[in-house]
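A.B. asks: Structure of the sequence below:
(chains A and B)
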Amino acid sequence: DTGVSQNPRHKITKRGQNVTFRCDPISEHNRLYWYRQTLGQGPEFLTYFQNEAQLEKSRLLSDRFSAERPKGSFSTLEIQRTEQGDSAMYLCASSLPTGWSYEQYFGPGTRLTVT
Amino acid sequence: DAKTTQPPSMDCAEGRAANLPCNHSTISGNEYVYWYRQIHSQGPQYIIHGLKNNETNEMASLIITEDRKSSTLILPHATLRDTAVYYCIRTGTASKLTFGTGTRLQVTL
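C.D. replies: From the prediction side, this is the model:
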């Protein structure tokens, strides 16, 4: 399967702990996006990278959140000092914009539960 | 934020066409209309997009009104596997997608 992969698929952690998620985009896709989705809502944009450069961050991305894409391939999203409000599905997507085509391809997500 | 309006839910009988409407009355000239769907517990899946002409691919057809203020996604022969939340998104950039709450389509026997 050459789609977007995310690990882990599920994470349960206690409040105050740090967690890190990994996203492997489709090979050669130069753009990588992170979204967060809570129950009953559509995904909300968090941040995106073009190659290794982080080009945009949402105000949802508080100081406790940090994302990296060190070599322009996989990306990690870290949440420090987790809070119960961080419980959500964290989705990663990648794209290779060509002309006016901006399709994003999503991974299966990492479901975070903070207890 | 770019906004669209969709009905919260729709039902469709299996084998029939599902027509999902979307209102985007304030769409800008450089914004495309994109449709994604999200099957339960999966990531969103790209369906189709268009600017002003009608589009068709193997999954669906997209009909955009001449004034571009609204569009309709058509699934010509809905199956149970088409049960999902369908999102209509307008975007003129390659950065973020702004999702609303979408239309929950339930396909029934």
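
A.B. asks: for residue A:72, what are its contacts?
C.D. replies: A:30, A:49, A:51-52 (Cβ atoms under 8 Å, 6 or more residues apart in numbering or on different chains). Where you see a C-beta, it was placed from the backbone N, CA and C, and this is true even at glycine.

A.B. asks: if we take these, which one ends up nearest to residue A:24?
C.D. replies: Residue A:24 lies nearest to residue A:49 out of those, by Cβ to Cβ, at 13.2 Å.

A.B. asks: How many residues are close by the closest one?
C.D. replies: When neighbours are defined as other Cβ atoms under 10 Å in any protein chain shown, residue A:49 has 21 of them.

A.B. asks: Which residues in the worst-scoring helix or strand of chain A on mean pLDDT does the neighbour count mark as buried?
C.D. replies: Using mean pLDDT, DSSP states H and E, strand A:53-57 stands out as the lowest-scoring helix or strand of chain A, at a mean of 92. For strand A:53-57, the neighbour count (16 or more other Cβ atoms under 10 Å in any protein chain shown) marks residue A:54 as buried.

A.B. asks: From one end of stretch A:35-48 to the other, what's the distance?
C.D. replies: Its first and final residues considered, stretch A:35-48 spans 9 Å by Cα to Cα, to the nearest Å.

A.B. asks: just stretch A:55-71 next, same as before
C.D. replies: Separation of the first and last residues of stretch A:55-71 by Cα to Cα is 15 Å.

A.B. asks: What residues sit buried inside that stretch?
C.D. replies: A:58, A:61, A:65-67, A:69.

A.B. asks: quick one: which of those residues is nearest chain B?
C.D. replies: Of all these, chain B sits closest to residue A:58, with 7.6 Å by Cβ to the nearest Cβ.

A.B. asks: Now do the closest one against residue A:48, distance only.
C.D. replies: According to Cβ to Cβ, to the nearest Å, residue A:58 stands 9 Å off from residue A:48.

A.B. asks: what sits in contact with each of those two?
C.D. replies: Contact criterion Cβ under 8 Å, 6+ apart; residues shared by residue A:58 and residue A:48: residue B:96.

A.B. asks: ok, the closest residue to residue B:31 other than its chain neighbours - contacts?
C.D. replies: Excluding the flanking residues, the one nearest residue B:31 by Cβ to Cβ, 6 or more residues apart in numbering or on different chains is residue B:92, at 4.1 Å. Neighbouring residues of residue B:92 by Cβ under 8 Å, 6+ apart: B:28, B:30-32.

A.B. asks: hang on, the earlier thing: could I get the buried residues of stretch A:55-71 in JSON lines, plus columns for secondary structure, pLDDT and distance to chain B?
C.D. replies: What follows is those, written out as JSON lines (DSSP: H, G, I helix; E, B strand; the rest coil; pLDDT from 0 to 100; distance: Cβ to the nearest Cβ, whole Å):
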{"residue": "A:58", "secondary structure": "coil", "pLDDT": "91", "distance to chain B": "8"}
{"residue": "A:61", "secondary structure": "coil", "pLDDT": "86", "distance to chain B": "12"}
{"residue": "A:65", "secondary structure": "strand", "pLDDT": "96", "distance to chain B": "16"}
{"residue": "A:66", "secondary structure": "strand", "pLDDT": "96", "distance to chain B": "18"}
{"residue": "A:67", "secondary structure": "strand", "pLDDT": "97", "distance to chain B": "14"}
{"residue": "A:69", "secondary structure": "coil", "pLDDT": "96", "distance to chain B": "15"}
